[in-house]
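Engineer: structure for this input, please:
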Amino acid sequence: MSHITPYNTSDSKKDQVAQMFDNIAFRYDFLNSLLSLGIHKGWRKKCIKLIAGKKPAFILDVATGTADFAIEAVKLQPKKIIGIDISEGMMKFGRGKLQKLNLDKTIELQYGDAETCDLPDNSIDAITVGFGVRNFENLEKGLTNMLRILKPGGQLCILEFSSPRKFPVKQFYMFHFKYITPTLGKLFSKDARAYSYLPESIKAFPDNERLTAILEKVGYKQASYKSVGLGLAAIYLAEK
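Structural biologist: A predicted model of the protein is given here:
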């Protein structure tokens, strides 16, 4: 995976990603819905249905952002959901949502990332990651640490953007991300680089079969993926 970072600075990728999301946090939810036409909400619902069968009691949502995935996971009626993120700016808006929905006792948001999260071994039933694995500083290290945290038989569910391969979706995708996404990002968030980093990071990311192979390499079982949105994204499911 190419080392793509949001900004051309000497800071670590982790620090740059945190700065980027802090910069755009106030417009993140709005732009997410605008740029995806709200389709991403349906993708998260599919993810939650995939892990519903094992009735996870303790869920970890990695790269939780403004807590949309964690909020969706409440439908599973778990005992506890922990959301971690490296952007305090994003979690500030997430905590505001939780308070409005009276979910701040069920969902706890805290600073952290997949690579350094120190939750105990075999302590979590299910881990979700929505549009976050592209931003890991070290992909294999993050995946390995999440495997450590999962209980035997626990599930990892990743939702991540992909690079479409079929005509005309591929051509539309390239046009959208090259021209529309950065323009709207600059207009509404005042950080155009954040929205040009997005397609760059997607292009550099080992998606589909390649990510499934990495999951198996670091020790996950029954790793699989399913394309959604005509190849715009994929849902990955694996077990410990």
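Engineer: immediately after the strand ranked longest in the chain, which helix or strand?
Structural biologist: As assigned by DSSP state E, the longest strand anywhere in the chain is strand 150-161. Sequence order places helix 169-175 as the next helix or strand after strand 150-161, per DSSP states H and E.
Engineer: the helix or strand following that next one: which residues count as buried?
Structural biologist: As assigned by DSSP H and E, the chain's next helix or strand after helix 169-175 is helix 181-189. Within helix 181-189, the residues scored as buried using 16 or more other C-beta atoms under 10 Å are 181-182, 184-185, 188-189. (Glycine included, C-beta is placed from N, CA and C.)
Engineer: can you redo these as a markdown table with pLDDT and distance to Phe58?
Structural biologist: Listed next are those as a markdown table, based on pLDDT from 0 to 100; distance: C-beta to C-beta, whole Å:
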| residue | pLDDT | distance to Phe58 |
| --- | --- | --- |
| Thr181 | 80 | 36 |
| Pro182 | 79 | 39 |
| Leu184 | 79 | 38 |
| Gly185 | 76 | 36 |
| Phe188 | 78 | 36 |
| Ser189 | 81 | 34 |
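Engineer: out of these, flag the one nearest to Asp61.
Structural biologist: Ser189 (23.1 Å; C-beta to C-beta).
Engineer: any idea how far Arg148 is from that closest one?
Structural biologist: In this structure, Ser189 and Arg148 are 35 Å apart, going by C-beta to C-beta, to the nearest Å.
Engineer: so where do the helices sit in this protein?
Structural biologist: 13-36, 39-51, 68-73, 88-100, 139-149, 169-175, 181-189, 192-204, 209-217 (DSSP state H).
Engineer: right, and those helices - which one's nearest Ala233?
Structural biologist: Between the helices of the chain, helix 39-51 lies closest to Ala233; by C-beta to C-beta that is 5.9 Å.
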